[in-house]
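Trainee: Using only what follows, build the 3D model:
(one chain, ligands or ions: 1)
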Amino acid sequence: MRLVVFGAGYVGLVTGTGLSDLGHDVLVFDIDPAKIAMLEDGRCPIYEPGLADLMHRNQRGGRLSFASAIPASFDEADAYFIAVGTPPGPDGAADLSAVMAVADTIARVARRQAVVVVKSTVPVGTCDAVQARLASAHVPLEVVSNPEFLKEGDALSDFFKPDRVVVGARSEEARQMIRDLYAPLQLSGERLVITDPRSSELIKYASNTMLAIRISFMNELSRLCHATGADIHSVRLGVGTDSRIGRKFLYAGPGYGGSCFPKDVQALSALGRAHGVQMRVAEAAHLANDEQATFLAQLVDKALEGVMGKQIALWGCAFKPETDDIRESPAVRLATALLERGATVVAHDPEAGPNFAKHFGNRLTVKERDYDALEGSHALVLLTEWRSYRAPNFAEIKRRLLPSGTGLAPVLVDARNIWRPAEVLRAGLRYQGIGVASSRPVDRPSQR
Ligand SMILES: NC(=O)c1ccc[n+]([C@@H]2O[C@H](COP(=O)([O-])OP(=O)(O)OC[C@H]3O[C@@H](n4cnc5c(N)ncnc54)[C@H](O)[C@@H]3O)[C@@H](O)[C@H]2O)c1
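Mentor: Sure, this is the predicted structure:
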């Protein structure tokens, strides 16, 4: 099939590259000419494992191309994918201007019957609004909702082996078209959830918000653990082994981030408000997430007996491992809070360092090597659980850090609870996790 994908971001590039790898002829279109120039030059503007290689293979094979203007050959596409951003507006509701701009372009250029597939995360009713917008087209176009569920850092595997593909379509013809498109990914059994566009749109927000709620609840429990002396690891094990609950998404940490959870939880609340339904649980998840960010800043401050005038090393800038995406990253929030409190911040990330440096300008320093961030720092805060941070040399960390308070050994704040406190203590460092008791070298190592 001949396909056009609008938006060369995380979703558009993965979708376009994945579809071209299945043998389709794909054009990825973006209004950012600098991004398109990079892509035409064979450079991938984002870090996503495996994406650059797969892109190159399909570019060489002539199945994948990029443009910031629609060439005539694509006036006759079989399907147009909308994968542009839907950022939050001032009230949290999704800003649909890019989606509607794409709809107008499609209405203008389409010269043969096609489906318009909305992959962007959009509020309920958007597909119907896009359908109305396409009324001026010269040919019949049917809008289909097909929300994207990829996880950054594992996006290609999600594309090629999806848990499920949700499709919201009104006609049997459009459903069949999407079924045919995804058939090569469903060889071991169909995993399509076929419904109407409005339910499909809501499924996306409901899925992300459900996951965000689990995280926020565990984060609240972690704060209760600090207050009561309970241990979040034990609580998670005890709760997660209930088969009705399950083990996933029960990890306390610095709060959820990224380009999806924060915005989608707020957009769902805004959608509820617009329809007179108060989404109290979603609103609480959002508030609890904000509180966790504040709590982490306070935890660091307390561990250092005040951060004013001190230098703090951050390991991890990306909102999760295996991506360079720092949108709504806990590291951005913590660094901002620490700078406001008068601390100096030195950061490291295996991939997201340049984005972090660009975001903060000269307000902080980003190092290329992880241990270099420790030189002259009074504490190390681990914010992203990259593999390369999992088994560090704690003796080397101790050698490089300065004492973090009066008579206090340097402290490691493990905001992802990935280190074993006993190992940290053996190196003569203090350990502070989330939802676990703080421990010092003189303490007996915990038996976890
Ligand atoms: N990033 C994720 O993990 C993820 C996962 C699932 C769903 N989503 C959703 O998918 C959508 C896209 O997300 P993303 O992270 O890929 O966004 P992104 O910001 O990385 O990319 C969006 C791209 O769209 C381009 N664009 C804007 N207006 C355009 C127009 N009129 N025509 C063509 N291109 C245009 C921008 O230049 C940009 O390159 C959002 O609705 C998001 O919520 C994202």
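
Trainee: contacting residues around stretch 365-372?
Mentor: 315, 317, 345-349, 353-354, 356-357, 373, 388-389, 392, 396-397, 400 (CB atoms under 8 Å, 6 or more residues apart in numbering). Any C-beta I mention is one placed from the backbone N, CA and C, and that applies to glycine too.

Trainee: switch the cut-off to 10 Å
Mentor: 311, 313-317, 344-350, 352-360, 373-375, 380, 386, 388-389, 392-393, 396-397, 399-400 (CB atoms under 10 Å, 6 or more residues apart in numbering).

Trainee: What separates the first and last residues of it, distance-wise?
Mentor: End-to-end distance of stretch 365-372 (CA to CA, to the nearest Å): 11 Å.

Trainee: Off-centre distance for the helix ranked longest in the chain?
Mentor: Determined from DSSP state H, the single longest helix within the chain is helix 197-228. Relative to the mean C-alpha coordinate of its chain, helix 197-228 is positioned 14 Å out (CA atoms, centre = their mean, to the nearest Å).

Trainee: Going by neighbour count, list what's buried in it.
Mentor: Buried residues in helix 197-228, counted by 16 or more other CB atoms under 10 Å: 197-198, 200-205, 207-209, 211-223, 225-226.

Trainee: From the contacts of stretch 365-372, which land in strands?
Mentor: Among those, DSSP state E puts 311, 313-315, 344-348, 380 in strands.

Trainee: JSON lines please, covering these and showing distance to V436 and neighbour count.
Mentor: As requested, the ones in strands among the contacts of stretch 365-372 are exported to JSON lines (distance: CB to CB, whole Å; neighbours: other CB atoms under 10 Å):
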{"residue": "Q311", "distance to V436": "25", "neighbour count": "21"}
{"residue": "A313", "distance to V436": "21", "neighbour count": "29"}
{"residue": "L314", "distance to V436": "20", "neighbour count": "29"}
{"residue": "W315", "distance to V436": "19", "neighbour count": "28"}
{"residue": "T344", "distance to V436": "27", "neighbour count": "18"}
{"residue": "V345", "distance to V436": "24", "neighbour count": "25"}
{"residue": "V346", "distance to V436": "26", "neighbour count": "20"}
{"residue": "A347", "distance to V436": "24", "neighbour count": "26"}
{"residue": "H348", "distance to V436": "24", "neighbour count": "26"}
{"residue": "L380", "distance to V436": "17", "neighbour count": "27"}
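
Trainee: how about the residues you listed in TSV, adding distance to the ligand and pLDDT?
Mentor: As requested, these are exported to TSV (distance: CB to the nearest ligand atom, whole Å; pLDDT from 0 to 100):
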residue	distance to the ligand	pLDDT
Q311	33	97
A313	28	98
L314	23	98
W315	23	98
T344	31	98
V345	26	98
V346	28	98
A347	22	98
H348	23	98
L380	28	98
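
Trainee: Could you work out the most separated pair of those residues?
Mentor: W315 and T344 (15.8 Å; CB to CB).

Trainee: tell me which parts of the stretch 51-200 of the chain are close to the ligand?
Mentor: Neighbours of the ligand within the stretch 51-200 of the chain, by CB under 6 Å from any ligand atom: 83-86, 98, 101-102, 120-121, 148, 150, 152.

Trainee: can you do 8 Å?
Mentor: Contact residues (CB under 8 Å from any ligand atom) of the stretch 51-200 of the chain with the ligand: 83-87, 94, 98, 101-102, 105, 119-122, 147-152, 155.

Trainee: Quick check: which ranges of this protein have low pLDDT?
Mentor: For the chain, the stretches with pLDDT under 70 are 72-73, 405, 442-448.
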